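# sequence and predicted structure are below.
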Amino acid sequence: SSCGVTRNLLGPRRNGRLFGDAASYMRVVLVGVTASLALLLGTGPSVASAAGGWSAPVVIGHSQADTGYSSSTIATSADGASVAVWSAYQDHATRFLAAYQAPGKSWGAPHVLASGIHDGRIFAGISATGRATVVWTTAIGSGSVHYAVHTASGWSANRSVAGTTSLDATTFTMAPSGYGVLAGSKSVKIRPTKPALSIAYVRKLTPSGKWGPALRVSRNTLPTYQGKTHAGTGAMDVQAAIDDVGTVIATWGWSYFQDPSGAYTRLQRNNVGAGGKVGTVVNLKPSPTFSLGVQSVQMSPSGAAAIVWTDDEGKTAYALVKTPTGPWMSTTRDISSLGIGDRATYVVQNDSLAAYWTKAAAGSGSTTVTLQSATYSAGTWSAPTTLATETLTSSDEIRGDELNAATSGGATYLSWGTQDVTAFLADEPSTTAALTAITPDGVSTQTYPVGTHAVAISAGGVHASALIARDVTGAVAPDLTAVTRDATAR
């Protein structure tokens, strides 16, 4: 979407910490699935060469007292404004910070939103006019939700979202129009003798900055299988997306226990109309013995939507697509046949898919990592195309680093890189960062030195922004830097 930010469902670890905002029940996976999703309405990628356009990195977060940064997110508006948020670790606690860049201006100083956080989450969104909203939780599953807004007058005071105590907020996204949606789950006691049930809720934010009521989108009855009621945890990892008129699509895993076969998690979805009417829960991949891995939902400003999800082992991936004016396609597509592995990002082009992934091949004294793509249309995949190649003078175990995508203005932007697993395990600088732009003029890639990694990317109008971090090395504190790109620049 024009101001959207893709969600990296399971980011890599840095100094023992996970980067990204994966649901807590997925955090135990150390080398997991990345299945984030962005929406693109336009033509497929070209492979012609093109000039660059990324600015030099600008440090927006640095403190000698910080031991690491995570949960980094950036959002970019159509007028070129950007907002970045991140977590900074100090003395076993976390500070949440934000920085804002007005169009054509330098980044402002870091703004401390909260201190003493131990397990909260932070999100950011921005409208087409540059109004930024930052949302965070003080504790996962037991705290409350707060937010702050940046306008032409600067940062507002911190405010609380009423009625969010004990809400496990898992996402906040914003459409270019300024509509936003907060999604999460809350445990509710349905029966006195049964365990509490986790129920999925969404709350809309209007362009004027007013929060709507909490809307229940999941069922509030205990999970059943073959006519029998079973104890279960209910909704998990609630995700949501919103379009320019305020239509919401929400997805979540619905977990239940089926004795003696064990526990399963099915993917479910629901929608909330622009007027606030909640739809009907729909099972996706309805086999009751399917165990969900990771999932993502995105919408374009005009209402196109797609959902991508995997099984719990990352071996099978599925997709469901909806055009702006049409219904959901009648069948779920199995998109596993290309053999792209479990670290892919999918970009949706109306009713077809474009997949991006990295592959590593070890040679004699070196390793080559390639960024590849393919499109899926009319039931078949195109042949893979190589977009970029990076060769490292090492034959150690090297793999593609986290892969994120953002799209706007007929261009797609990818943040990726490489990770030397041997160096990482030895707590040495182990990564390089790369940013690839796929524009109507062709494909260009900018790489950054060893010891850096790309953590987030976003796009709005003809603008794109990315965050690049530097690993901790000895006495050197980590840096969090931002780079920007104007698609009209040559």
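That came through, no problem. Since the structure is predicted, the reported quantities are computational estimates derived from the model, not experimental observations.

# count the residues that sit near residue 449.
11 (other Cβ atoms under 10 Å). Where C-beta positions appear, they are placed from N, C-alpha and C, glycine not excepted.

# so it touches residue 432, yeah?
Yes - under the criterion of Cβ atoms under 8 Å, residue 449 makes contact with residue 432 at 6.8 Å.

# is it true that residue 57 touches residue 480?
No - if you go by Cβ under 8 Å, residue 57 and residue 480 don't touch, sitting 9.7 Å apart.

# next, show the common contact partners of these two.
residue 468 (Cβ atoms under 8 Å, 6 or more residues apart in numbering).

# of those two, who's got more company?
Ranked by neighbour count (other Cβ under 10 Å), residue 57 and residue 480 place residue 480 first, with 25 against 19.

# so where does the nearest residue to that one once chain neighbours are set aside fall, helix or strand?
Distances taken as Cβ to Cβ, 6 or more residues apart in numbering place residue 61 nearest to residue 480, at 3.5 Å, with adjacent residues excluded. For residue 61, the element it lies in under DSSP states H and E is strand 58-62.

# give me the residues contacting that strand.
69, 84, 86, 88, 97, 99, 106-107, 110, 477-483.

# swap the cut-off to 7 Å and go again
Contacts to strand 58-62, defined as Cβ atoms under 7 Å, 6 or more residues apart in numbering, come from residues 69, 84, 86, 88, 97, 99, 107, 110, 477, 479-482.

# now render those residues as TSV, adding secondary structure.
Below are the contacts of strand 58-62 laid out as TSV (DSSP: H, G, I helix; E, B strand; the rest coil):
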residue	secondary structure
69	strand
84	strand
86	strand
88	strand
97	strand
99	strand
107	strand
110	coil
477	coil
479	strand
480	strand
481	strand
482	strand
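
# out of those residues, which one sits closest to residue 306?
Taking Cβ to Cβ as the measure, residue 306 lies nearest residue 84 of the contacts of strand 58-62, at 25.9 Å.

# what about the closest one, how many neighbours?
30.

# for residue 102, same thing?
Around residue 102 there are 15 residues (other Cβ under 10 Å).

# give the contact list for it.
residue 81.

# next one: residue 370
358, 359, 386, 389.

# give me the neighbour count for the third one.
Same thing as residue 386. 12.

# for residue 119, which non-adjacent residue is closest in space?
residue 140 (4.7 Å).

# residues contacting that neighbour?
Here residue 140 is in contact with 24, 119, 120, 121, 168 (Cβ under 7 Å, 6+ apart).

# equivalent analysis for residue 440, please.
Residues near residue 440 by Cβ under 7 Å, 6+ apart: residue 410.

# cool, residue 268 as well?
Residue 268 is in contact with 218, 251, 252, 254, 281, 282, 283, 284, counting by Cβ under 7 Å, 6+ apart.

# got the end-to-end distance for stretch 155-172?
Terminal residues of stretch 155-172 are spaced 19 Å apart (Cα to Cα, to the nearest Å).

# pretty sure residue 430 contacts residue 424?
Yes - using Cβ atoms under 7 Å, residue 430 is in contact with residue 424, at 3.8 Å.

# of those two, who's got more company?
Using other Cβ under 10 Å, the more surrounded residue of residue 430 and residue 424 is residue 430, with 23 against 20.

# quick check on the more buried one: phi, psi?
phi -130, psi 0 (degrees, to the nearest 10).

# could you export the helix or strand containing residue 457 as CSV, CA atoms only?
If you go by DSSP H and E, residue 457 is part of strand 452-460. Taking C-alpha atoms only, strand 452-460 is exported to CSV below (Å, rounded to 0.1, in the frame of the first residue of the first chain):
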residue,chain,number,x,y,z
THR,A,452,25.1,-4.0,9.1
HIS,A,453,21.7,-5.4,8.4
ALA,A,454,18.5,-4.1,6.9
VAL,A,455,15.6,-4.2,9.4
ALA,A,456,12.7,-2.4,7.8
ILE,A,457,11.6,-0.8,4.5
SER,A,458,8.5,1.3,3.4
ALA,A,459,7.2,3.3,0.5
GLY,A,460,4.8,6.1,-0.2
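
# what about residue 424, which SS state?
Relying on three-state DSSP, one would call residue 424 helix.

# for it, what are its contacts?
residue 430.

# so what's the residue count around the residue nearest to residue 480?
Residue 61, neighbours per other Cβ under 10 Å, totals 25.

# same thing with residue 192?
Counted with other Cβ under 10 Å, the neighbours of residue 192 add up to 5.

# what distance do you get for it to residue 220?
Separation of residue 192 from residue 220 (Cβ to Cβ, to the nearest Å): 15 Å.

# now do residue 368
From residue 368 to residue 220 the distance is 52 Å (Cβ to Cβ).

# same question for residue 295.
21 Å.

# which one's more surrounded, these two?
Of the pair residue 295 and residue 220, residue 295 is the one with more neighbours under other Cβ under 10 Å, namely 26 against 12.

# isn't that one up against residue 311?
No - using Cβ under 7 Å, residue 295 is not in contact with residue 311; the gap is 10.7 Å.

# ok, the nearest residue to residue 328 once chain neighbours are set aside - contacts?
In space, and not counting its chain neighbours, residue 328 is closest to residue 322: 4.7 Å by Cβ to Cβ, 6+ apart. Neighbour list for residue 322: 304, 305, 328 [criterion: Cβ under 7 Å, 6+ apart].

# out of those residues, which one sits closest to residue 133?
residue 305 (21.7 Å).

# quick check: that closest one vs residue 266, distance?
Residue 305 is 19 Å from residue 266, by Cβ to Cβ.

# please pull out the lowest mean pLDDT helix or strand from this protein.
Counting by mean pLDDT, DSSP states H and E, the chain has its least confident helix or strand at strand 17-18, which shows a mean of 24.

# in PyMOL, how would I select the buried members of the contacts of residue 322?
Buried members of the contacts of residue 322, defined by 16 or more other Cβ atoms under 10 Å, are picked up in PyMOL with:
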select buried, resi 304+305+328
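
# can you lay out the contacts of residue 322 as JSON lines showing distance to residue 458 and pLDDT?
Output for those, formatted as JSON lines (distance: Cβ to Cβ, whole Å; pLDDT from 0 to 100):
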{"residue": "304", "distance to residue 458": "18", "pLDDT": "86"}
{"residue": "305", "distance to residue 458": "19", "pLDDT": "87"}
{"residue": "328", "distance to residue 458": "26", "pLDDT": "84"}
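
# elements contacting whichever strand or helix holds residue 200?
Assigned by DSSP H and E, residue 200 falls within strand 197-205. In terms of contacts (3 or more Cβ pairs under 7 Å, 6 or more residues apart in numbering; DSSP states H and E), strand 197-205 is packed against strand 180-188, strand 215-216, strand 234-242, strand 248-258.

# all the helices of this protein, residue numbers only.
421-425 (DSSP state H).

# all strands of the stretch 301-450 of the chain, in order?
305-311, 317-322, 333-334, 344-349, 352-362, 367-377, 380-381, 385-392, 398-400, 404-408, 411-420, 431-439, 442-448 (DSSP state E, counting those that start in this stretch).

# shouldn't residue 460 be in contact with residue 82?
No - look at residue 460 against residue 82 with Cβ under 7 Å: they stay out of range, at 8.2 Å.

# show me what contacts the nearest residue to residue 138 once chain neighbours are set aside?
Using Cβ to Cβ, 6+ apart and skipping the chain neighbours, the partner closest in space to residue 138 is residue 120 (5.2 Å). For residue 120, the contact set (Cβ under 7 Å, 6+ apart) comprises 136, 137, 138, 139, 140, 143.
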